[in-house]
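Asker: I'd like to go over a predicted model; first the sequence, then the structure.
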Amino acid sequence: MAELRKIMELRKSSELIDKAYRFAKHAHAGQKRLTGEPYFNHALKTAECLAEWGLDEATIAAGLLHDTVEDTDVTIEDIGREFGEDIKLLIDGVTKLGKIKYRGGDRAQAENLRKLLLAMAEDLRVIFVKLADRRHNMKTLGPLPPSKQKRIALETMEIYAPLAYRLGMQKLSGELQDLAFPYVYPSEHRWLTKHVKERYEEREAYLKKIKPVVEKALMEQDINLVSIDFRAKRHASLYKKLLRYEMDIEKIYDLVAFRIIVKNIEDCYATLGIIHSLWTPLPGRFKDYIATPKPNGYRSLHTTILGPDQRIVEFQIRTKEMHEESEHGIAAHWAYEEGDKKRVVRAKPKEISWVEKLQSWQSQFGEPQEFLESFKIDFLKDRIFAITPKGEVIDLPYGATPVDFAYHVHTEIGNQCVGAKVNGKIVPLDYKLRSSDVVEIITQKNKRPSPSWIEFVATASAKNHIRNAIKSGHRSKLLVYKKSHIELKITAEDRVGLFKDIAGIISRSHISIMSVNSSPGHRGKFHVIKVVCDTNDKKKVWKIILKLKALKEVKEIDYRFV
């Protein structure tokens, strides 16, 4: 009812919204939905959702009008005459998106998704209206035939929910997934509902017991507390996580988590310190998304502690502004500017650049099917984020490797990649990255990618770059390996920049590095570095060994043919 009151208030303060309300109500007069309710109710709910997100009056008006062209006698020209060019373009964009039907991978679906990306680039408000429209449609899916229910739910789960997440609209993304879950995975939903209800109630009862302890400690330290409540993990998200933990619900520590909202960033870190003074924090379970936000803009502090009775509890700490951003994403960042007597919607450059990047990316793919699968993996799959040594956040799909990371930074960084360090340690190139990993790519000039990389990289973009490098013919040895290589086994004291020096010596000898591996030796501080070189020339190798022995950290060097 709060949203309805907001629409009524907006009608009083906005001539445009009041006019759109009356126009849409008249256009849909007499129409009924399959639920039996008046069709106009759907338009009203869509507009209410947009108002809840704090969007401008033109977008709210478009929400009221979004189905008039498709479902009534009103034409797009009528909209233009009555409401002007801005709203006409919004309604036209939403109407075109309404014609997109998800059919699980056919050519038409891929082409329609291209239209969706084009609509995003032209005006993100079109997507906001479409997401608000989809949210209410999912809430009223019940009366539809089962086949149509599943098609719409699958489209929601695979396209619209991940898209909302990428736009930073985490609350909406989770809501859409939960609404789609029982239609896409009915048996799994029944199992989950049966097994977790008691656990939710038990966890919430436990947190209620320790809530006064937290509140008292924060009050004593003069923390400006806005609110403290509990966040239950959504069913769809919980089921995904259970699949990774062998369906053992005892391993899910954030089934119900504390969410603390405070006045400012200083209070966020002070609150973290107070919680850690009350209970022991678990090693490796602290995440600072304030210092390093997620690529979709999410900011918060996450910590997990060992609470009373040796039970594990997760806390999320953020400011009110961060909470608004978490709930509504890009929509929370939009501002209004008066100009030429109409309101213009602007977003921050970071959000616009994301859309522009997506537009540039999709132009790489000629075949619709290839584009469709790549879009799902490169942009909509579950995300991780890795960090460059300079602190830049790189957004990648779950399962990405250092090679995917390298190509995301720059094509030539990927092509010349010979090794990688993750959190200061050398890892294989097929290593699966995790969120918050700091990744350093080791390159060698004139190196070209190996065809074998295609077998383990996760992103379609990286695969395309590797294939292009192979096809370019710059190095014929990409296609035919020599009969033998030489592996150098180097025992050395570890230090920052050591491998860069080793790679430099090898590179200056005009020999390519095929692979690198590193592991702790048997002598404590020493490491064993194995480097496979693309040569079988013993004389060259001996010259390299002599130069490597000149490095004071190098203690032993051996070699063998591989």
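Answerer: That came through fine.
Asker: please, which helix or strand holds the residue lying closest to I505 once chain neighbours are set aside?
Answerer: Taking CB to CB, 6 or more residues apart in numbering, and ignoring the residues beside it in sequence, I505 has K547 as its nearest neighbour in space, at 4.8 Å. Yep, even glycine has a C-beta here, placed from its N, CA and C like the rest. Assigned by DSSP states H and E, K547 belongs to helix 538-549.
Asker: next one: the helix or strand following that helix to chain centre, how far?
Answerer: Reading on from helix 538-549 to the C-terminus, the next helix or strand found by DSSP H and E is strand 554-561. Its chain's C-alpha centre lies 43 Å from the corresponding centre of strand 554-561 when counted by CA atoms, centre = their mean, to the nearest Å.
Asker: next, the angle from strand 554-561 to helix 538-549.
Answerer: For the pair strand 554-561 and helix 538-549, the angle between their directions (axes from the mean of the first three to the mean of the last three CA atoms, to 10 degrees) equals 160 degrees.
Asker: just checking: what are the partner strands of strand 554-561?
Answerer: Partners of strand 554-561 in the sheet, by DSSP bridges, are strand 486-493 (antiparallel).
Asker: so which bits of the partner strand are buried?
Answerer: Applying a neighbour-count criterion of 16 or more other CB atoms under 10 Å, one finds I486, E487, L488, I490, T491, A492, E493 buried in strand 486-493.
Asker: what does the helix or strand just after it rub up against?
Answerer: Under the assignment DSSP H and E, the closest C-terminal helix or strand after strand 486-493 is helix 498-508. The contact list for helix 498-508, computed with CB atoms under 8 Å, 6 or more residues apart in numbering, reads 418-419, 421, 426, 442, 444-445, 490, 492, 513, 516, 518, 529, 531, 533, 544, 547-548, 551, 553.
Asker: buried ones from the residues you listed, can you make that a PyMOL selection?
Answerer: The following PyMOL selection, which keeps only the buried ones among the contacts of helix 498-508, applies the criterion 16+ other CB under 10 Å:
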select buried, resi 418+419+421+426+442+444+490+492+513+516+518+529+531+533+544+547+548+551+553
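Asker: re earlier: which secondary structure elements does the helix holding K547 contact?
Answerer: With contacts taken as 3 or more CB pairs under 8 Å, 6 or more residues apart in numbering; DSSP states H and E, helix 538-549 sits against strand 486-493, helix 498-508, strand 554-561.
Asker: before we move on, back to that, and the pLDDT at the residue nearest to I505?
Answerer: At K547, the predicted lDDT confidence score is 88.
Asker: any idea how far it is from I557?
Answerer: K547 sits 10 Å away from I557, taking CB to CB, to the nearest Å as the criterion.
Asker: how about K489?
Answerer: Between K489 and I557 the computed distance is 7 Å (CB to CB).
Asker: likewise H189?
Answerer: When distances are taken as CB to CB, H189 and I557 turn out to be 60 Å apart.
Asker: buried set for stretch 283-302?
Answerer: Applying a neighbour-count criterion of 16+ other CB under 10 Å, one finds 287-290, 292-302 buried in stretch 283-302.
Asker: any stretches of the protein with poor pLDDT?
Answerer: Screening the chain residue by residue with the criterion pLDDT under 70, one finds the ranges 1-5, 98-122, 330-382, 473-484, 521-525.
Asker: would you map out the domains in it?
Answerer: In terms of domains, the chain is parsed into 2-182, 187-328, 382-478, 486-561 (source: automatic domain parsing).
Asker: what separates the first one from the chain centre, distance-wise?
Answerer: Per CA atoms, centre = their mean, the displacement of domain 2-182 from the mean C-alpha position of its chain is 23 Å.
Asker: same question, stretch 539-551
Answerer: On the basis of CA atoms, centre = their mean, stretch 539-551 sits 46 Å off its chain's mean C-alpha point.
Asker: now stretch 433-447
Answerer: Relative to the chain's own centre, stretch 433-447 is displaced by 20 Å; criterion: CA atoms, centre = their mean.
Asker: then stretch 543-552?
Answerer: Taking CA atoms, centre = their mean, the mean C-alpha location of stretch 543-552 is offset from the chain mean by 45 Å.
Asker: what sits up against that stretch?
Answerer: Taking contacts as CB under 8 Å, 6+ apart, the residues outside stretch 543-552 that touch it are 488, 490, 492, 498, 501-502, 505-506, 509, 511, 533, 554, 557, 559.
Asker: in a markdown table, list these along with distance to A236.
Answerer: What follows is the contacts of stretch 543-552, written out as a markdown table (distance: CB to CB, whole Å):
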| residue | distance to A236 |
| --- | --- |
| L488 | 50 |
| I490 | 49 |
| A492 | 49 |
| L498 | 46 |
| D501 | 49 |
| I502 | 48 |
| I505 | 52 |
| I506 | 49 |
| S509 | 55 |
| I511 | 51 |
| C533 | 49 |
| V554 | 53 |
| I557 | 54 |
| Y559 | 53 |
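Asker: how about D430, phi and psi?
Answerer: Backbone torsions for D430, taken as degrees, to the nearest 10, come to phi -90, psi 10.
Asker: so it touches T401, yeah?
Answerer: Yes - the pair D430 and T401 qualifies as a contact (CB atoms under 8 Å) at a distance of 5.5 Å.
Asker: ok, the two, which is more surrounded?
Answerer: T401 (24 against 13; other CB atoms under 10 Å).
Asker: that one and F456 touch, don't they?
Answerer: Yes - shown here, T401 and F456 form a contact pair, counting by CB under 8 Å, at 6.0 Å.
Asker: find residues that contact each of the two.
Answerer: What both T401 and F456 touch, as defined by CB under 8 Å, 6+ apart, is the set L429, D430.
Asker: roughly how far apart are the residue minimising distance to the centre of the chain and R318?
Answerer: Among the residues of the chain, the smallest C-alpha distance to the mean C-alpha position (CA atoms, centre = their mean) belongs to R383, namely 4.2 Å. Counting by CB to CB, the separation of R383 from R318 is 19 Å.
Asker: likewise V531?
Answerer: Looking at V531 against R318, where the rule is CB to CB, the gap reads 45 Å.
Asker: longest single helix anywhere in the chain?
Answerer: Among the elements of type helix in the chain, defined by DSSP state H, the one spanning the most residues is helix 186-220.
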